[in-house]
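Peer 1: have a look; sequence and predicted model below, questions after that.
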Amino acid sequence: MKAFETFRGRVAPLDRANVDTDQIIPKQFLKSIRRTGFGDNLFDGWRYLDEGDPGKNPNERQINPDFVLNAPRYQGASILLARANFGCGSSREHAVWALEEYGFRVVVAPSFADIFFSNCFKNGVLPIVLNEKNIDELFDLANADDGLELTVDLAAQRLVLPSGAEIPFDVDPFRKRCLLEGLDDIGVTLTDADAIRVFEARHRERCPWLFDALR
Amino acid sequence: MSARTLYDKLWDAHLVKQRDDGTALIYIDRHLLHEVTSPQAFEGLRLAGRSPWRIDSNIATPDHNVPTTRRADGIAGISDPIARIQVETLDDNCREFGILEFPILDARQGIVHVVGPEQGVTLPGMTVVCGDSHTSTHGALAALAHGIGTSEVEHVLATQCLIQRKAKNMRIMTLGHLPPGVTAKDLALAIIGRIGTAGGTGYTLEFAGPAVQALSMEGRMTLCNMSIEAGARAGVVACDETTLDYVRGRPYAPAGALWEQAVAQWRELVSDADARFDAEVEIDAAALAPQVSWGTSPEMVVGIDERIPELSAAQRPGQRDNWEAALRYMGLEPGMAVTDIGVDRVFIGSCTNSRIEDLRQAAAVVKGRKVAGSVLQAMVVPGSGPVKLQAEEEGLHEIFLAAGFEWRDPGCSMCLAMNADRLGPGEHCASTSNRNFEGRQGHGGRTHLVSPAMAAAAAVAGHFTDVREMVSASGGGA
């Protein structure tokens, strides 16, 4: 995984609560056995007027001019500003792959669904939780004619506004380290392989029926 | 040791290591795999040169993409070439790594969350994960079960563990018993309607009280299945005689002395009497009516005897906007009676409601009646090969076929419409599945979540109707 570095990026505001992963990447695109190729179909049902299908050329699709990501001033956005319970529903990691491939490196919302939240960190995408007041203020700024650019500083755990004002945020220390150092968390876990083996031997002794049945 | 909840006990029993940074390594007993969320995980293992930690923890079956007609054609019967490759890839990966699989033509194939308990592959006291959010289903067995993403699928394959933070405990306490004609599905929908789709975020739910204790195991699976629709990764029900009676004799369940040893431990899988919960919710089960969802989120739900709420009733932040958008998508009006909503298609199936008791409840309503002429299609999709076989032995398929239902082969089918089964734009569907999100069952499709009995009643009436008025008071309650 690539290390997460401080950057300044444009904010796209998606003013809708309970955005589910079926909306982020609809099911017809989950048939791929690859990790890539999902960016063109991010928010497919909202972004385009015609029905999406894996075989369709994105350049020949009917763009929905009313969808916020299609507005000229949000092109190139790398920070998605969202409402409560973002990423609810299905566990599909394809949702994060689609966001990341589209260009989003950060999602800011008042709350996230658990599985989506966890999937973000595995793919170098930083989900940031802010209180409703901060979120409302950011929506006001992002909705304004000039739009909004933010600096995301993970090491210092703060967002910096163009005015210089700062908004601090919390992040789990382990996940922060993985992002900053670009760590492969399987590799991190395998440094505890001995502890896993010791546990497993004890577990097998205590609950022998949990082992060897599926052979 | 101080008093513990069932979740506390399951967590403690699988804690490999508590780290200083607040995360923990949790050991995983059972890993279920299907074709959609596993190929990239296997590819990741190959790229990193890693092998699975413990082969005999894993079991796989294809379910999301499989056709529900002409099953005898096997993989060749999957008309979409991309979907066919995905199912073939699961077969290939299981063969390469030596993982037990029930492939498309295996008599035991089915929806992974139906197959697990049915085969005794998921058991009380286990940690169970799968790259599918409805893994919460297995919590009905007093197991700690939840969905994971594909990176975590790879992590479990490679290390047999997950890196987690412990969730908080929430108890959903039912008061009284469910009335006749009101089922586990209605209870699940009513709970989500009450606490909202984010109400359980960060918690493990424990479903308790007389209405839950009286549920069959299949009813408990329906209830735990929809924990994720309340935002909770996992839901659990305490182990009791109902649990043990269900597990006993299953193909992969322990037997003989091993069974006795297991049962002695499983009897401890209950919350201590004085255990503390971080949150408690009470639900008056005795006062519930059959539920129908009217919007594009499972929390947008009312009783069959109620009306779609007025926008002025919205309370949570953003809720009014969400309701407006949902009603626009659904083509419905505030204040409308739910019984005035017509039904174009009916789907009885999914990991929520495709087990034998679900099919029996639907058949009891349908028996001797016909699907209304205004309904374009009504179908029953059993959850697994054994469920289908059992239903046919009981003659349920003949009841459905005589009424005008289609009788299909097992799979996820129209719950998420990855295969050929789907809604057309604007069509309303009475569905026993779990999600009514925009486009979930097909582009522009309009899903209404209901119990199998309510779906059957809607099929006959051509619109939503109170199933309690169609069957004698002696039926239902399961």
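Peer 2: Everything's here; your move. Residues are numbered from 1 along each chain as shown, chains lettered A, B, ... in the order given.

Peer 1: chain A: strands as residue ranges?
Peer 2: Using DSSP state E, the strands assigned to chain A run over residues A:7-13, A:79-81, A:106-109, A:126-129, A:149-153, A:158-160, A:166-168.

Peer 1: between strand A:149-153 and the first one, find me the angle.
Peer 2: Using axes from the mean of the first three to the mean of the last three CA atoms, to 10 degrees, the interaxial angle of strand A:7-13 with respect to strand A:149-153 works out to 130 degrees.

Peer 1: CA atoms only: put strand A:7-13 into PDB for me.
Peer 2: Backbone C-alpha positions of strand A:7-13 (Å, rounded to 0.1, in the frame of the first residue of the first chain) are rendered in PDB as follows:
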ATOM      1  CA  PHE A   7      -2.000  16.800   0.400                       C
ATOM      2  CA  ARG A   8      -4.300  19.600  -0.600                       C
ATOM      3  CA  GLY A   9      -7.400  18.600  -2.500                       C
ATOM      4  CA  ARG A  10     -10.800  19.800  -3.900                       C
ATOM      5  CA  VAL A  11     -13.900  18.900  -1.900                       C
ATOM      6  CA  ALA A  12     -17.000  17.400  -3.600                       C
ATOM      7  CA  PRO A  13     -20.200  17.700  -1.400                       C
END
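
Peer 1: what is the neighbour count of B:A72?
Peer 2: By other CB atoms under 10 Å in any protein chain shown, 8 other residues sit near B:A72. Glycine gets a C-beta too; all of them are placed from N, C-alpha and C.

Peer 1: show the pLDDT at it.
Peer 2: pLDDT for B:A72: 95.

Peer 1: grab the nearest non-local neighbour of it.
Peer 2: What sits nearest to B:A72 in space, not counting adjacent residues and going by CB to CB, 6 or more residues apart in numbering or on different chains, is B:L105, at 7.9 Å.

Peer 1: tally of neighbours for the one you found?
Peer 2: Neighbours of B:L105 under the rule other CB under 10 Å: 13.

Peer 1: may I have the phi/psi pair for it?
Peer 2: Phi and psi for B:L105, reported as degrees, to the nearest 10, are phi -100, psi 0.

Peer 1: how near is A:R177 to A:A155?
Peer 2: To A:A155, A:R177 is 10 Å away according to CB to CB, to the nearest Å.

Peer 1: look at those two and report which has more neighbours.
Peer 2: Of the pair A:R177 and A:A155, A:R177 is the one with more neighbours under other CB under 10 Å, namely 14 against 11.

Peer 1: name the nearest residue to the more buried one, sequence neighbours excluded.
Peer 2: Nearest non-adjacent residue to A:R177 (CB to CB, 6+ apart): A:L183, at 6.8 Å.

Peer 1: what's the answer for B:T432, then?
Peer 2: Nearest non-adjacent residue to B:T432, counting by CB to CB, 6+ apart: B:N353, 3.7 Å away.

Peer 1: alpha carbons of stretch B:377-389, as PDB, please.
Peer 2: Output in PDB follows, covering the C-alpha atoms of stretch B:377-389 (Å, rounded to 0.1, in the frame of the first residue of the first chain):
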ATOM      1  CA  GLN B 377     -44.300 -12.700 -11.800                       C
ATOM      2  CA  ALA B 378     -44.200 -14.500  -8.500                       C
ATOM      3  CA  MET B 379     -41.300 -16.700  -7.700                       C
ATOM      4  CA  VAL B 380     -40.000 -18.900  -4.900                       C
ATOM      5  CA  VAL B 381     -36.300 -19.400  -4.700                       C
ATOM      6  CA  PRO B 382     -35.300 -22.000  -2.000                       C
ATOM      7  CA  GLY B 383     -32.100 -21.200   0.000                       C
ATOM      8  CA  SER B 384     -30.300 -24.400  -0.700                       C
ATOM      9  CA  GLY B 385     -30.500 -27.800  -2.400                       C
ATOM     10  CA  PRO B 386     -31.600 -29.500   0.800                       C
ATOM     11  CA  VAL B 387     -34.300 -26.900   1.400                       C
ATOM     12  CA  LYS B 388     -35.700 -27.400  -2.100                       C
ATOM     13  CA  LEU B 389     -35.700 -31.200  -1.700                       C
END
